[in-house]
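Engineer: Okay, structure incoming, though there's no sequence with it:
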C-alpha cells in the first residue's frame, strides 16, 4: 500500500469519520515503509525492526497493523499482536503460578484469554504513531478513533480482550484522553530502566557511584583483560552458540512470554545494518556471552544479554557488558543507555532510573471485564521484588 508521507491541512473538511479510512493489514509489507516511519520518528523499533519480528516465526503469535489515512496519507498507525494470553504471565514463579498450572491441567483455558494487543512482545513499549503534521487539536480525537476502530475489529475477529501493552507513564495528553474516553482499566507493568549518559568519560561515571559500588566494579572488571570483546553485525557460524546461550538464559528467567527464533536474531541484524549489532564476549575460543543492541543517534537499547551461567560468572560478564555499552555511548555521543525491564537491583545500583509502564485493557464481556478489573492487582508486577 503506497501512500504519500506529507500533507498540508487547509481550511477544508475537518477531522471526522467520513474523511478517515481505517484499515487492518495482515502484513507490514503492504504498508509503505516511509509512510509508517513518518508516524514513528522518535522510535528505534520502527518498520524494519517490526518486519524482522513478523518474519521471525514466533510460535503462538500473529501480527496485524492498524492505519488511519486522511485523504490518502497515513496519519496514525499501530502494531498489533494476537495471542492466547495467560494472565499469570507476568507473575514470579511461586505458589500462585503452581496453582494456576495445576488447574489448567483439568481446564486447559483457565485464565487464558484471546488477546488483541497494541504493541509487540518484542518492543520496549507500546507506541501509537501519529503523523508529525497533525494539529494538536486533532490528536485526542484521532487517537480515540484509532483505539475504537481497532477494538471493534478485534471483537468482530473473536478477540474478547483488547489491550495496550507496556505504555510509558505518564501518558501524553492525546493518549490519556483516548484511554479515558474508551474506559480502559490500568494495570501496572514492569518499569523500564535507563541511564542518562551525561558524563564525559568512564572515570566521571564511576565517580558518581557510591564508594562501595565503585570499589566493587573496579574489582569485578579486573578479569576484563582475559576477555576478548568483539562487535559484529553478522552472526555467521556463531548462530548455534548464540541460540544455546539465549535458551539457557531464557530458561533461568522468571518472566517468559515470547520465545525468539534464529530468524529473529539474523533478521534484526540484516534489516537494521546501521542500527543493530551484537557484542560477543570470548575467553580463548569459547563464546561465553553475547549482547544484542539497537541504537540511533541518541539512545542505546540493550535488547538481550545472554550468558553461559557457569563459565561466564568468574569473568563478571554482566558488569563487563554494562561498561562496554556505556563506552559505546561515549564513543558515539549517545545520551541514554536503556537496559530494559526486570532484574533492577544492579541497574539501580549502577545509576539507572526507572520509568513506569502500564497495561490498559478492556474485555467485551462486561461481567468478565468487571472480574478482570477486580483481580488485575493480583496479576501485576513491577519487578522490584528482584532487588
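Structural biologist: The structure has been received and is ready for your questions. Owing to the predicted nature of the structure, the values given are computational and were not obtained by experimental measurement.
Engineer: looking at the protein, which helix or strand does the model trust least?
Structural biologist: helix 95-106 (a mean of 54; mean pLDDT, DSSP states H and E).
Engineer: give me the low-pLDDT residue ranges for the stretch 201-350 of the chain?
Structural biologist: The stretch 201-350 of the chain contains residues with pLDDT under 70 at 254-256.
Engineer: need the helices for this structure, in chain order.
Structural biologist: Applying DSSP state H to the chain gives helices spanning 33-38, 47-54, 95-106, 136-156, 173-182, 202-207, 211-220, 239-252, 262-271, 317-332, 344-349, 366-375.
Engineer: Only the buried residues of the first one, if you could.
Structural biologist: Which is helix 33-38. Neighbour-count burial for helix 33-38 flags 35-38 (criterion: 16 or more other Cβ atoms under 10 Å). The C-beta positions use only the backbone N, C-alpha and C, and glycine is treated the same way.
Engineer: Quickly list the domain ranges of this protein.
Structural biologist: 17-191+356-386, 193-354 (automatic domain parsing).
Engineer: Low-confidence ranges, the stretch 1-150 of the chain, go.
Structural biologist: In the stretch 1-150 of the chain (pLDDT under 70), the answer is 1-17, 87-112.
Engineer: wait, residue 289 sits on residue 308?
Structural biologist: Yes. Applying Cβ atoms under 8 Å, one finds residue 289 in contact with residue 308, separated by 6.7 Å.
Engineer: Overlap in contacts, those two.
Structural biologist: Taking Cβ atoms under 8 Å, 6 or more residues apart in numbering as the contact criterion, the common neighbours of residue 289 and residue 308 are residue 245.
Engineer: what separates the longest strand along the chain from the chain centre, distance-wise?
Structural biologist: Identified as the longest strand of the chain according to DSSP state E is strand 73-86. Strand 73-86 sits 13 Å away from the centroid of its parent chain (Cα atoms, centre = their mean, to the nearest Å).
Engineer: And stretch 68-82, by the same measure?
Structural biologist: Distance, centroid of stretch 68-82 to centroid of chain: 20 Å (Cα atoms, centre = their mean).
Engineer: So for it, what gets flagged as buried?
Structural biologist: For stretch 68-82, by 16+ other Cβ under 10 Å, it's 68-70, 73-82.
Engineer: Please apply the same query to stretch 122-138.
Structural biologist: Buried-residue list, stretch 122-138, by 16+ other Cβ under 10 Å: 122-131, 134, 138.
Engineer: No further questions, thank you.
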